[in-house]
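In: fold the following for me, if possible:
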Amino acid sequence: MDIVSVALKRHSAKAFDPAKKLTAEQAEKLKTLLQYSPSSTNSQPWHFILASSDEGKARVAKAATGTYVFNERKILDASHVVVFCAKTTLDDAWLQKVVDQEDQDGRFATPEAKAGNQKGRRFFADLHRVDLKDDAHWMAKQVYLNVGNFLLGVAALGLDAVPVEGFDAAILDEEFGLKAKGYTSVVIVPVGHHSAEDFNAALPKSRLPLSTTLTEV
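Out: Numbers count the residues shown, from 1 in each chain. Okay, here's the model as predicted:
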């Protein structure tokens, strides 16, 4: 697969065909993309809500009313909708959960290697939560790494998607009790097949020239 061709072809879908659903295999691949995204120090400070039923999508769409009602149909008409959530606190228990999973997955040859890995992760965690005190922002950035990885992966599967920031996070957090679980909603990504009403599908891609955005040294 030529991933550059995928990047050149993909677009942000503005309208979805509600009659076209993902296959069970495609839905499972969405989960794999979410799980295996990169993150700084493999911290994985995220949680995902995957809605595919009409009831589930309607719950997510509650956050796309009023000012954000223009995004309601995208959520309701898509086959699947992913809510990307960031942790609100990067506590030691989470760091231990990560390193224990790495250990279980066979990433450490010795106990010393595990301890060294955890020391390095704790260094960066403390840099943000103690020194810079921007850990919430840092964790949100890791979620955005996942979003970017997800969008490209979805396009490689031949599916359409759109990242949505236009929603009321307070409503969504309340709907799913996210704050009580230590998370907050960051981005919603509807996934499916675009409809004939998706004007963006026929438009040429537009990006600033590399002469403006790239410096080679």
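In: residue closest to the middle of the chain?
Out: For the chain, the residue nearest the mean C-alpha position is V147 (3.4 Å; CA atoms, centre = their mean).
In: mind giving me the packing neighbours of the longest helix anywhere in the chain?
Out: When the chain is parsed with DSSP state H, its longest helix is helix 135-156. When contacts are defined as 3 or more CB pairs under 8 Å, 6 or more residues apart in numbering; DSSP states H and E, helix 135-156 sits against helix 3-9, helix 24-35, strand 46-51, strand 80-87, strand 160-161, strand 183-192. For the C-beta atoms, the positions are set from N, CA and C on the backbone; glycine is no exception.
In: re earlier: residues touching the residue nearest to the centre of the chain, list them.
Out: Residues near V147 by CB atoms under 8 Å, 6 or more residues apart in numbering: F84, P163, V187, V189.
In: now the two most distant members of these.
Out: Greatest spatial distance among these (CB to CB): F84 and P163, at 8.8 Å.
In: more crowded one of those two?
Out: F84 (23 against 17; other CB atoms under 10 Å).
In: what about the closest residue to the more buried one other than its chain neighbours, neighbour count?
Out: Spatial nearest neighbour of F84, excluding adjacent residues (CB to CB, 6 or more residues apart in numbering): V187 at 4.4 Å. Neighbourhood size, V187 [other CB under 10 Å]: 20.
In: the one 10 residues further on now?
Out: Counted with other CB under 10 Å, the burial measure for E197 works out to 12 neighbours.
In: just give the nearest non-adjacent residue to it, would you?
Out: Distances taken as CB to CB, 6+ apart place A15 nearest to E197, at 4.0 Å, with adjacent residues excluded.
In: that older thread, can I get the helices and strands packed on helix 135-156 in JSON lines with mean pLDDT and distance to A58?
Out: Output for the helices and strands packed on helix 135-156, formatted as JSON lines (pLDDT from 0 to 100; distance: least, CB to CB, whole Å):
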{"stretch": "helix 3-9", "mean pLDDT": "96", "distance to A58": "31"}
{"stretch": "helix 24-35", "mean pLDDT": "98", "distance to A58": "18"}
{"stretch": "strand 46-51", "mean pLDDT": "98", "distance to A58": "9"}
{"stretch": "strand 80-87", "mean pLDDT": "98", "distance to A58": "10"}
{"stretch": "strand 160-161", "mean pLDDT": "98", "distance to A58": "19"}
{"stretch": "strand 183-192", "mean pLDDT": "98", "distance to A58": "13"}
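In: tell me which of those sits most buried.
Out: With neighbours taken as mean count of other CB atoms under 10 Å, those reach their highest mean count in strand 160-161, at a mean of 28.
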